[in-house]
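**Q** fold the following.
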Amino acid sequence: MDCASLRAGQRGLSLFGFLFVIAMLAVVALLAMKLVPAYVEFFSVKKILASMAQEPDLKSKSNADIRSDFMRRAGVSYVTVVKPEDLKIDRQAGGPVISAEYEFRTQLVGNVSLVVDFAASTDPAAVRDIE
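**A** The predicted structure is shown next:
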């Protein structure tokens, strides 16, 4: 058996290929560890605003009452990025539209940061206009 026939039959991953795959998996894991909490919090904000929109007495609440209600619900849901003063409340004929626009910023490595913009609203059409 000569060397050419041995090489032709060999298959597998070289050491450099294996290290490259491990490095890519590490990058994906790092991004997931940084982004998953931001998206969990965003979906909590969306859930809070959706439940507030379902309240029958939302039209009669003042802006201060709406912000207080949001603060109470955010505390229960562990929402820390959006503060009550960050809410934008627009009074329309159909009732108030509550929206929150914010950015999530986290440091990845050294001076490299990851920034993600989020927008949530009690009116689904308002979020489409923002984006």
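**Q** tell me how far the lengthiest helix in the chain lies from the chain's centre.
**A** Assignment by DSSP state H gives helix 15-53 as the longest helix of the chain. Between the centre of helix 15-53 and the centre of its host chain there is 8 Å, according to CA atoms, centre = their mean, to the nearest Å.
**Q** can you tell me the centre-most residue of the protein?
**A** Tyr39 (2.6 Å; CA atoms, centre = their mean).
**Q** any idea how far that one lies from Val115?
**A** 14 Å (CB to CB, to the nearest Å). (Glycine included, C-beta is placed from N, CA and C.)
**Q** output the below-cut-off pLDDT ranges for the chain.
**A** 1-10, 124, 126-131 (pLDDT under 70).
**Q** partner strands of the longest strand along the chain, with direction?
**A** Of all segments of type strand in the chain, defined using DSSP state E, the longest is strand 95-109. Here strand 95-109 has these sheet partners by DSSP bridges: strand 88-92 (antiparallel), strand 112-121 (antiparallel).
**Q** please identify the deepest-packed of these.
**A** strand 112-121 (a mean of 15; mean count of other CB atoms under 10 Å).
**Q** orientation of that one relative to helix 15-53 in degrees?
**A** 30 degrees (axes from the mean of the first three to the mean of the last three CA atoms, to 10 degrees).
**Q** hmm, back to that, out of the strands paired with strand 95-109, which comes closest to Phe70?
**A** Proximity to Phe70 (CB to CB) singles out strand 88-92 among the strands paired with strand 95-109, at 9.7 Å.
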